[in-house]
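Asks: here is a sequence with its predicted model. Questions after.
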Amino acid sequence: MSVETQKETMEFQAEVRQLMKLMIHSLYSNKEIFLRELISNASDACDKLRFEALSNDALYDGDSDLKIRVNFDKEARTITVSDNGVGMSRDEVVDNIGTIAKSGTKQFFESLTGDQSHDLELIGQFGVGFYSCFIVADKVTLTTRRAGAPADQAVQWESDGEGSYSLTNAAKDGRGTDIVLHMREGEDEFLDAWRLRSIITRYSDHISIPIEMPSQEEGKEGEYEVINSASALWKRPKKEISEEEYKEFYKHVAHDFGEPLAWTHNQVEGTQSYTSLLYIPKTAPFDLWDRDRRHGIKLYVRRVFIMDDAEHLMPQYLRFVRGLVDSDDLPLNVSREILQQNKFIDSIRAASVKKILGLLEKMANNEPEKYAEFWKQFGQVMKEGPAEDFANRERIAKLLRFSSTYTDSEEQNVSLEDYVSRMPDGQDKIYYITADSFSAAKNSPHLEVFRKKGIEVLLLSDRVDEWLVSHLTEFDGKPLVSVAKGDLDLGKLGNDKEEKKDDKAEEDYKAFLDKLKDVLADEVSEVRSSQRLTDSPSCLVLGEQEMAMHMQQLLKQAGHDVPDSKPILEINMDHPLVKRLREETDETRFADWTRLLFEQAMLSQGGQLQDPASFVKRLNEILVEIAD
């Protein structure tokens with residue numbers, strides 16, 4: 001068969017060059033995984049062909065016996081990995097190998113730290129295992145033919161992994177992909193049948209596609225034998241699956257080089273029959289916050305791969321979960337549109353969510369250190385749960401963890417159940433404060449009276465926290481209340497004498513407070529004496545339905561419209577600065593001191609001053625005056 005040769009040399013995308021250098025450096029101590037990655041990609045290619053053939057059986061071209069073959073040639077010093085899967089067109093080769101055509105590339109490189117073990121996990125999560133072949137090979141030749149394409153429309157890709165690759169028209173008898181690795185000097189250990197078989201058995205035994213190698217038995221030269229068990233691991237009884245097999249299957253299904261933190265394997269029979277194998281990763285993927293990411297739960301129907309990124313099987317707040325669901329009841333030609341309206345899918349999703357929440361509850365109760373490890377990685381995502389999953393809001397709320405004044409530690413290890421168990425008699429609310437940093441929350445003047453009375457307050461400084469408390473408004477029948485919003489009512493925790501004193505102070509100082517209000521008429525809605533403050537001279541209080549100032553500032557910077565509102569300025573009548581201000585007779589100086597009280601209160605809550613230069617000028621003038 002003659003093919004008109006058309007060779008084209010192309011440069012790798014800059015990110016690809018950077019990635020290959022990184023992989024060779026980071027994976028050198030574990031270089032045998034190149035074979036696992038190539039076999040995993042071949043398995044995916046076979047799965048994709050099965051799916052495409054559901055609507056076009058002609059793609060099989062009379063060969064529906066899918067398989068992967070591994071050969072080696074000791075004299076030529078080559079290893080060849082072949083599959084008869086879906087193959088690739090010329091454009092697909094460029095897209096899949098020449099470039100990294102996916103969102104999250106920038107975040108990926110920004111996440112790299114230089115620590116080999118950490119970077120290794122990130123590389124795996126990025127799903128570019130093909131490049132690992134350059135750890136052991138100084139040249140790689142890939143020949144591929146797309147299923148359904150004529151024999152003379154194959155393409156050959158070749159590169160030494162340095163900076164460029166060539167594309168050449170080629171002929172190939174069957175569909176699929178052949179990858180030939182020309183081994184580097186010193187890599188002879190892989191040019192051995194026993195070594196290759198041991199790698200396949202260790203890393204790829206769970207692959208459901210048969211993996212074949214030439215038979216080693218006498219008289220069977222030229223024949224191939226299956227090396228792996230070639231059965232869907234998730235369909236096997238749990239008691240027959242080792243922990244090591246579960247871990248290796250996770251690496252395959254999640255394209256992760258690291259091990260999972262935990263997993264749950266369930267086989268459901270009855271009116272609905274399906275199997276689920278769901279994993280919680282040990283580390284968060286670099287693109288956890290990328291809404292366009294394309295991975296998650298794989299959907300199978302009767303062991304036939306249907307689609308990846310089945311978002312209908314897991315809610316957004318559990319988007320870190322990896323694994324698969326294999327249904328016996330869905331049609332093989334199921335589409336995303338059908339999934340949206342399918343009651344079976346709704347039932348599977350609900351059950352899968354409960355399994356994951358149950359797994360996390362068990363971990364939180366029995367392995368608190370392990371749960372703390374999970375929370376550090378995925379806590380902020382879990383905080384999206386109460387807003388998204390109303391049916392499981394109470395269960396999710398019990399899994400949440402926070403910092404609090406009980407420990408004053410930035411580590412989030414306080415549950416709402418912990419908080420409630422420590423509430424003194426008479427306390428009927430769960431108090432919290434939100435801020436743009438842990439230090440700002442911990443040192444907020446709004447906490448002063450709570451510290452004085454020994455009342456615990458949750459310290460919330462994650463960006464998602466403001467969203468969380470707007471949807472999680474109560475727990476265990478007790479409302480969540482911000483110490484920086486609305487009127488402060490400590491109920492039975494207060495002191496009758498103090499309350500009477502506050503009422504009297506409001507009456508005695510009414511003229512003074514009105515005078516402050518006149519100065520700040522454009523900035524505040526009210527000025528009143530404070531029950532919150534014991535050490536600071538002033539603080540700002542928002543309405544109960546208003547978002548924190550630092551969040552208002554973030555939204556404004558992002559170009560969002562934020563409703564105009566004026567905070568309330570609360571004054572600590574016992575503070576020396578306030579006492580000094582009450583005696584001030586100079587109107588200009590009185591106005592300057594008043595504005596300073598307002599501006600320092602604004603800054604302490606993460607707000608932004610409209611005129612920082614004037615603030616600095618006023619502050620300097622007062623400092624000079626004091627110094628004199």
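Replies: Perfect, I can see it now. Remember, it's a predicted structure, so these values are computed and weren't measured experimentally. Numbers count the residues shown, from 1 in each chain.
Asks: chain center to stretch 516-528: distance?
Replies: 44 Å (Cα atoms, centre = their mean, to the nearest Å).
Asks: with just CA atoms, put it into CSV.
Replies: What follows is stretch 516-528, C-alpha atoms only, in CSV (Å, rounded to 0.1, in the frame of the first residue of the first chain):
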residue,chain,number,x,y,z
LEU,A,516,-21.2,62.6,66.3
LYS,A,517,-24.0,61.6,63.9
ASP,A,518,-24.1,65.2,62.5
VAL,A,519,-20.4,65.0,61.6
LEU,A,520,-20.8,61.5,60.0
ALA,A,521,-24.2,62.1,58.4
ASP,A,522,-22.9,60.9,55.0
GLU,A,523,-21.2,57.8,56.3
VAL,A,524,-23.4,56.2,59.0
SER,A,525,-27.0,55.6,59.6
GLU,A,526,-26.8,55.9,63.4
VAL,A,527,-24.4,56.5,66.3
ARG,A,528,-25.1,54.7,69.5
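Asks: which residues touch it?
Replies: When contacts are defined by Cβ atoms under 8 Å, 6 or more residues apart in numbering, stretch 516-528 is touched by residues 506, 513-514, 540, 565-571, 590-591, 594-595, 597-598. Using the backbone N, CA and C atoms, a C-beta is placed for each residue, glycine as well.
Asks: what's the biggest helix by length in the chain packed up against?
Replies: Ranked by number of residues, the top helix in the chain under DSSP state H is helix 343-366. Packing contacts for helix 343-366, counted by 3 or more Cβ pairs under 8 Å, 6 or more residues apart in numbering; DSSP states H and E, involve strand 260-268, strand 274-281, strand 322-327, helix 368-382, helix 393-399.
Asks: the following helix or strand past the last one pairs with which strands, parallel or anti?
Replies: Yep, that's helix 393-399 we're talking about. Following helix 393-399 in sequence order, the next helix or strand is strand 403-404 (DSSP states H and E). Strand 403-404 sits in its sheet next to strand 458-460 (antiparallel), going by DSSP bridges.
Asks: which residues touch the partner strand?
Replies: So strand 458-460 is contacted by 402-405, 414, 419, 430-435, 438, 441-442, 466, 468-469 (Cβ under 8 Å, 6+ apart).
Asks: so which residues of the stretch 501-628 of the chain form helices?
Replies: For the stretch 501-628 of the chain, helices defined by DSSP state H, counting those that start in this stretch occupy the ranges 510-519, 549-557, 576-582, 587-604, 612-627.
Asks: for stretch 440-456, the distance to its chain's centre please.
Replies: That offset, for stretch 440-456, works out to 32 Å (Cα atoms, centre = their mean).
Asks: what is the mean pLDDT for it?
Replies: Per-residue pLDDT over stretch 440-456 has a mean of 93.
Asks: what sits up against that stretch?
Replies: Contacts for stretch 440-456 (Cβ under 8 Å, 6+ apart): 403-406, 408, 419, 422-424, 427, 431, 433-435, 457, 459-461, 483-484, 488, 490, 493, 531-536, 538-539, 550, 601, 604-606.
Asks: how about stretch 307-324: buried residues?
Replies: Of the residues in stretch 307-324, 307-308, 310, 312-315, 317-324 count as buried by neighbour count, 16 or more other Cβ atoms under 10 Å.
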